[in-house]
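> pasting the structure only:
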Ligand SMILES: C[S@@+](CC[C@H](N)C(=O)[O-])C[C@H]1O[C@@H](n2cnc3c(N)ncnc32)[C@H](O)[C@@H]1O
């Protein structure tokens, strides 16, 4: 069957809207040069493999954040890929992602293996192995712990409350702005640090002989600390014309962590356009691709509307989800338990 032609969806009305209203440090001259081929702040309707292969040069993007169509899922909505073919299908596209990602760039893939015939399918594991053979480094895995996971009861398993956010890189020297995602210490510090024991004031080596240790007094005077690799956050409840949207905080968090203003963010399975909006809000360039024309148009329309509202002061930039505060609050309890030897 002949492939449908790739269509570029006309941009949001960039001319009527100052391009970097929310960017603080963007270098406009550089941006104009970069944008000369019309490749930036674009939403494409087509297969991401074809769009990237035909239009985008090597080493172009700073960050790719995405969630692919799930295997065997939602077939009627946007054509699921059979689980047994899923890894090969996605590998065909990750090869292209590898080519267009900068050596300093990062690829974040939100995915979870489905239960098929009573067991978890191995397509995510197959995919990871396949991507390593393509040359990717499987650098890290973040867990998204869903605060509002789907209710229900099953005879042989519990509610599924987490998803994977796999991190891949081309090199171990990738850009990472850890300070950009620091979280407030929280109230625990006041009570915990008011009375420090002698053990707290020196480095306390792990009793398990792991070579790790801690010094609780190092927390004194700190207002912000680094988060963990577990992200606690709600799923998106409003469907925004799409059945599987990212919560806004999710791409936003990774964009802050792995890019600087003026960098280029790609979502090759754009859906409702959440990643593009978050990139735009943070003063990064976005490129979004989706095979479904209706989703592309809806993403473009929602971008235009939200940008307009932001400019008219009708919606505020969403920032620093309470999620991350909560995430941090769990850290000290662990510390406290360990220091008490429990
Ligand atoms: C899980 S959804 C992404 C949702 C998105 N994260 C959001 O916030 O709305 C996956 C999307 O991939 C699109 N898709 C499926 N195959 C594709 C392909 N080969 N290239 C680009 N997009 C594709 C589907 O139409 C669907 O909108």
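Everything's here; your move. Every value quoted in this text rests on a predicted model; they were computed, and no experiment measured them.
> okay, CA-based contacts and neighbour counts for the rest of this
OK.
> for the stretch 151-300 of the chain, which spans come out with low pLDDT?
Within the stretch 151-300 of the chain, the stretches with pLDDT under 70 are 186-196, 198, 200-201, 203-207, 209-222, 237-243.
> who in it is up against the ligand?
Within the stretch 151-300 of the chain, the positions near the ligand by CA under 6 Å from any ligand atom are 244-246, 268-274, 289-292.
> So which of those residues sit within strands?
Counted as lying in strands by DSSP state E, out of those, are 289-290.
> Ranking by neighbours, what's the top pick from the residues of the stretch 151-300 of the chain next to the ligand?
The residue in these with the most neighbours, by other CA atoms under 10 Å, is residue 271 (32 neighbours).
> count of residues packed around the closest residue to it other than its chain neighbours?
Here the nearest residue to residue 271 in space, its sequence neighbours aside, is residue 295; by CA to CA, 6 or more residues apart in numbering that works out to 5.7 Å. Close neighbours of residue 295, defined as other CA under 10 Å, add up to 20.
> Verify the stated contact: residue 295 with residue 288.
No - contact criterion CA atoms under 8 Å: residue 295 and residue 288 do not qualify, at 10.8 Å.
> helix or strand for the residue nearest to residue 271, which one?
Secondary-structure assignment from DSSP states H and E places residue 295 in helix 293-311.
> so where do the strands sit in the stretch 201-342 of the chain?
For the stretch 201-342 of the chain, applying DSSP state E, counting those that start in this stretch gives strands covering 204-205, 213-214, 224-225, 230-233, 264-267, 285-290.
> element containing residue 143?
strand 137-146.
> Just the buried positions in whichever helix or strand comes after that strand, please.
Tracing the chain past strand 137-146, the next element assigned as helix or strand by DSSP H and E is strand 162-169. For strand 162-169, a neighbour-count test (16 or more other CA atoms under 10 Å) marks 162-169 as buried.
> what's strand 162-169 in contact with?
Applying CA atoms under 8 Å, 6 or more residues apart in numbering, the contact partners of strand 162-169 are 103-112, 136-146, 149.
> Now, of these, which are buried?
Buried members of those, scored by 16+ other CA under 10 Å, are 103-112, 136-138, 141-146.
> ok, the closest residue to residue 232 other than its chain neighbours - contacts?
The shortest distance from residue 232 to any non-neighbouring residue, by CA to CA, 6+ apart, is to residue 145 (4.8 Å). Each residue near residue 145 by CA under 8 Å, 6+ apart is listed here: 161-163, 230-233.
> go with 10 Å
Residue 145 makes contact with 160-164, 230-235, 327, according to CA atoms under 10 Å, 6 or more residues apart in numbering.
> How much space separates it from residue 90?
24 Å (CA to CA, to the nearest Å).
> got it, and residue 63?
From residue 63 to residue 90 the distance is 18 Å (CA to CA).
> Kindly report the same for residue 296.
20 Å.
> Equivalent analysis for residue 308, please.
Between residue 308 and residue 90 the computed distance is 35 Å (CA to CA).
> How about residue 101?
Distance of residue 101 to residue 90, computed by CA to CA: 16 Å.
> Same drill for those two, tell me which one is more crowded.
Using other CA under 10 Å, the more surrounded residue of residue 101 and residue 90 is residue 101, with 24 against 18.
> So that one sits against residue 174, correct?
No - in this structure residue 101 lies outside contact range of residue 174 using CA atoms under 10 Å: 11.1 Å.
> For the ligand, give me its nearest residue in the stretch 51-200 of the chain.
When CA to the nearest ligand atom is the measure, the stretch 51-200 of the chain has its nearest residue to the ligand at residue 69, with 4.0 Å between them.
> so how far is residue 180 from that residue?
30 Å.
> Which one of the two is surrounded by more residues?
Neighbours were counted for residue 69 and for residue 180 using other CA under 10 Å; residue 69 has more, 20 against 16.
> how much space between the more buried one and residue 223?
Residue 69 is 40 Å from residue 223, by CA to CA.
> Ok, residue 247 next?
Look at residue 247 and residue 223: by CA to CA, they are 27 Å apart.
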